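[1] Here is a sequence together with a model predicted from it:
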Amino acid sequence: PSWSAARMLADLARSMDADIVQANGGSTPKHASLAKAIDRRAGWKLVYRNIGDPRFWLSNPVQRAFYRFFVWSRLDGVVSVSRQAAKGLREVYGAHGPAIEVIYQGVDKQQLSPSDPRPEVRQRLDTGNDAVVAVWVGALSAEKRPDRALRVMSRMKSRAEPVVLWVVGAGPMESERAAVAQDLGVSDRVRWVGAVDDVGTYLHAADIFLLTSDTEGIPGALLEAMTVGLPSVVTDVGGISEIVVEGRTGFLREPEDELGLAECAERLSGDTSLRREMGSDAQRVAVIRFSMESCVTQYETFYKVMISDERVTD
């Protein structure tokens, strides 16, 4: 960890008279832990928000040892985005340590309002109004497997009106995307949207949500797709099975089962009534379980417990 970054964080927390410092993601906890070690008189509590399964991203034994003995011992509480991720934390860090609270990510429905009407979005992306659109949203990175999404498209049976794939996002695999699509023979059925600020516009204009990752926590893009009423075809990784109900709000298949993913997407693409029914159920689940209001309430309760010292360690 960076000593200067930790020193800056310690000074900032002291100047703000902070009660809680929350470290998000995989690399920030080490800096926050060092800041707490530097400022021995610090009165603030350190909370770690874990967004993924550490068994996947923390495979190096030296790194694991460092996080277990230096970082984990300085945490006052942990928020995990899924039960599966919480299980991974215990396996990596051991049975003892701070209490882990599972708080699912919240979605602000208002932020997903489309900025352009569906026909206009489709016209801009050279996609017919009657075409079935599968939308893939995420970083074009190795763990998100955009290449798998293209192979799923290539495995779908031919139809009078082929399914069109919109790829929304940017990343390190961007330069090789066109070549992969060309090799698979799906270039004419793929639209490269790039990174956007108004993802809701593209979700509202699509018909199916496709996710092909090797690892996930609780993907925000999936929750957003459910919130706008899209059925999903997803890989069964991370905490996804905790939010997608097989056969009711979407279809889950193992990452290696690309043919199964293609068959599920094909089934949805050919059945408008099924898409509508599953999308409606998905939206209902998202609004009830994953609203921003519910998420904020759970965090408020968790923080109050942290500040009051009423927490218990596992």
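    That came through fine.

[2] Alpha carbons of stretch 251-264, in PDB - could you do that?
    Only the C-alpha atoms of stretch 251-264 are listed here, as PDB (Å, rounded to 0.1, in the frame of the first residue of the first chain):
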ATOM      1  CA  PHE A 251     -32.300 -18.300 -17.300                       C
ATOM      2  CA  LEU A 252     -29.000 -19.300 -15.600                       C
ATOM      3  CA  ARG A 253     -26.400 -21.600 -17.100                       C
ATOM      4  CA  GLU A 254     -22.800 -22.500 -16.300                       C
ATOM      5  CA  PRO A 255     -20.200 -20.300 -17.900                       C
ATOM      6  CA  GLU A 256     -18.900 -23.200 -20.000                       C
ATOM      7  CA  ASP A 257     -22.400 -24.000 -21.300                       C
ATOM      8  CA  GLU A 258     -22.400 -21.600 -24.300                       C
ATOM      9  CA  LEU A 259     -24.800 -23.800 -26.200                       C
ATOM     10  CA  GLY A 260     -27.200 -23.700 -23.300                       C
ATOM     11  CA  LEU A 261     -26.900 -19.900 -23.100                       C
ATOM     12  CA  ALA A 262     -27.700 -19.700 -26.800                       C
ATOM     13  CA  GLU A 263     -30.700 -22.000 -26.500                       C
ATOM     14  CA  CYS A 264     -32.100 -19.900 -23.700                       C
END
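
[3] So the closest residue to residue 141 other than its chain neighbours: helix, strand or coil?
    By the measure of CB to CB, 6 or more residues apart in numbering, the closest residue to residue 141 outside its immediate chain neighbours is residue 171, 4.6 Å from it. (Each C-beta comes from the backbone N, C-alpha and C, glycine too.) Classification of residue 171 using DSSP: H, G, I helix; E, B strand; the rest coil returns coil.

[4] ok now do residue 171, which residues does it touch?
    139, 140, 141, 144 (CB atoms under 8 Å, 6 or more residues apart in numbering).

[5] how near is residue 126 to residue 42?
    Distance, residue 126 to residue 42, using CB to CB, to the nearest Å: 56 Å.

[6] Which of these two has more residues huddled nearby?
    residue 42 (16 against 10; other CB atoms under 10 Å).

[7] Quick one, grab the pLDDT at the more buried one.
    On pLDDT, residue 42 comes in at 73.

[8] Burial check on the nearest residue to it once chain neighbours are set aside, number of neighbours?
    Spatial nearest neighbour of residue 42, chain neighbours left out: residue 36 (5.7 Å); criterion: CB to CB, 6+ apart. For residue 36, the neighbour count with other CB under 10 Å is 22.

[9] Appreciated, that's everything.
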